[in-house]
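[1] sequence and predicted structure are below.
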Amino acid sequence: MYSAPWIYLPYPGCFGFSLSLSASTMITFFVAMIASNIDSLADYHACSKITYAPPPPKHAVNRGVFVEGIASFIAGAIGIGHGTNSYGGNIGAIGITRVASRRVFQFLGIIYIVFGMLGKLSAFFVTIPFPVLGGIQLIYFGSFIGIVLSNFQKIGNTHRNFTIIGVSTLLGMTIPIWFHDNPDIKLIDDQKYNGAIIAVFRNPNFMGGFMAFLLDNFWPGSLKERGFLFEEDDDKQHTDFAENVEVTTHPSEDVIYGIPFYPRWLAKLKLAKYIPVLPGYE
């Protein structure tokens, strides 16, 4: 805390400049961004489920990923060097606090920015012991994971799906552990690309998702088992669930997922239906 500055403002090139481009580094970050986008898709649906909202439409999902891409671009421009994505722990916080107001989370974003610029305050939070942080994360992510796993009830409890979930989860955990325990493994002669390939195998999210992707596409299954009837079933379940918990107000999809201050004349343009992030997208 003594060495941390009082005020810290990031700026382009604050960590220096580099004119070189490493293919292995690009591959590593590309894989991380794919895993991040898949994680965000799960976050959007989990957030709608925990707030008793309709499932997000395509344009809302596209807009979420689009905004994350802009944030990642800004992060890279000022030298942070990593992507920005949605945070599942916040969804767990919604389940615990029962507070889902967008105004609250907008104000929370401002707090994060301020904390990031106040060096002394940021250093103070870094001093929080790991067991305390671990206990908080255990509650937040435990609630979030439970919500995510509840989506499996919509795709049918069949042997096929149970096997895919079990195998992909097991391989997603064990393969990265094996590569972490064997750092000197050499898959190809080129050291740079060898490091990129190993980085892929060390990513649990990517490995588990990739194995689930392969098994789900190569193992024959019905539309219900593969989740292609997800939205229709989700609408019905949302209505039934909302009635059970005595939710009396059901805001329309436009109110929940619409763009603030979206001009009506723009919505009427024929071009709007071809822009993936606009509500009229078809």
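    Structure received.

[2] surely F141 touches G88?
    Yes - under the criterion of Cβ atoms under 8 Å, F141 makes contact with G88 at 6.4 Å. The way it works is simple: take the backbone N, C-alpha and C, and place the C-beta from them, glycine included.

[3] more neighbours: which of these two?
    In this view F141 and G88 are compared by other Cβ atoms under 10 Å, and G88 has more residues nearby, 21 against 15.

[4] measure the closest residue in space to that one that isn't next to it in sequence to S22 for me?
    When the adjacent residues along the chain are set aside, G88 lies closest to F144, with 4.5 Å between them (Cβ to Cβ, 6 or more residues apart in numbering). With distances taken as Cβ to Cβ, to the nearest Å, F144 is found 34 Å from S22.

[5] could you do A32 as well?
    Counting by Cβ to Cβ, the gap from A32 to S22 is 14 Å.

[6] where does the residue nearest to G88 sit: helix, strand or coil?
    helix (DSSP: H, G, I helix; E, B strand; the rest coil).

[7] show me the contacts for it.
    With contacts taken as Cβ atoms under 8 Å, 6 or more residues apart in numbering, F144 has the following neighbours: 46, 88-89, 91-92, 95.

[8] please apply the same query to A272.
    Taking Cβ under 8 Å, 6+ apart as the criterion, A272 is in contact with 266, 278, 280-281.

[9] make sure it is indeed in a strand.
    No - note on A272: no strand contains this position according to three-state DSSP, which reports helix.

[10] residue ranges of the helices in the stretch 101-250 of the chain, please?
    Using DSSP state H, counting those that start in this stretch, the helices assigned to the stretch 101-250 of the chain run over residues 102-117, 119-126, 130-149, 159-181, 191-201, 204-218, 223-226, 230-244.

[11] now which of the contacts of F144 would you call buried?
    Buried by 16 or more other Cβ atoms under 10 Å: 46, 88, 91-92, 95, out of those.
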